[in-house]
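A.B. asks: missing the sequence, but the structure's below:
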């Protein structure tokens, strides 16, 4: 699985819009997502999306560790 590399960050509301991006404003960014609903859950959803790469890497490591633990290399 491929995804945009780098630290995914959340830009807090500008007109109630949350931007998930990689890079630095003023130096160039890649926009990952834009959430623009005016609901209490929007900030939590933005933080969850921004954490996706870290969660993906943690799950890959967990899969590897579990396969080692049960001796199931053929399923890895």
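C.D. replies: Nice, I can see it. Everything numeric here is computed off the predicted structure, so don't read it as measured data.
A.B. asks: Dig out what the residue lying closest to residue 31 once chain neighbours are set aside forms beta bridges with.
C.D. replies: Leaving aside its chain neighbours, residue 31 sits nearest to residue 21 (5.2 Å; criterion: CB to CB, 6 or more residues apart in numbering). (C-beta placed from N, C-alpha, C; glycine too.) Here residue 21 shows beta-bridge partners residue 9, residue 31, assigned using DSSP bridges.
A.B. asks: ok, now how distant is residue 21 from residue 62?
C.D. replies: 27 Å (CB to CB, to the nearest Å).
A.B. asks: Spatially nearest residue to the residue nearest the centre of the chain (excluding sequence neighbours)?
C.D. replies: The centre of the chain sits closest to residue 52, judged by CA atoms, centre = their mean, with a distance of 2.5 Å. Taking CB to CB, 6+ apart, and ignoring the residues beside it in sequence, residue 52 has residue 8 as its nearest neighbour in space, at 6.8 Å.
A.B. asks: Now do the helices in this protein.
C.D. replies: In the chain, the helices defined using DSSP state H lie at 41-50, 52-70.
A.B. asks: residues in contact with residue 18?
C.D. replies: If a contact means CB atoms under 8 Å, 6 or more residues apart in numbering, then residue 18 has 10, 11, 12, 34, 35, 36, 42, 43, 46 as its contacts.
A.B. asks: Lowest mean pLDDT among the helices and strands, pick that one out for the chain.
C.D. replies: Taking mean pLDDT, DSSP states H and E as the measure, strand 9-14 is the helix or strand of the chain with the lowest mean score, a mean of 85.
A.B. asks: what's the offset of it from the middle of its chain?
C.D. replies: Between the mean C-alpha point of strand 9-14 and the mean C-alpha point of its chain there is a distance of 14 Å (CA atoms, centre = their mean, to the nearest Å).
A.B. asks: what about residue 21 and residue 62, which has more around it?
C.D. replies: Counted by other CB atoms under 10 Å, residue 21 and residue 62 do not tie: residue 21 has more neighbours, with 20 against 10.
A.B. asks: unless I'm mixing things up, the more buried one is touching residue 32, no?
C.D. replies: Yes - under the criterion of CB atoms under 8 Å, residue 21 lies in contact with residue 32, with a separation of 6.0 Å.
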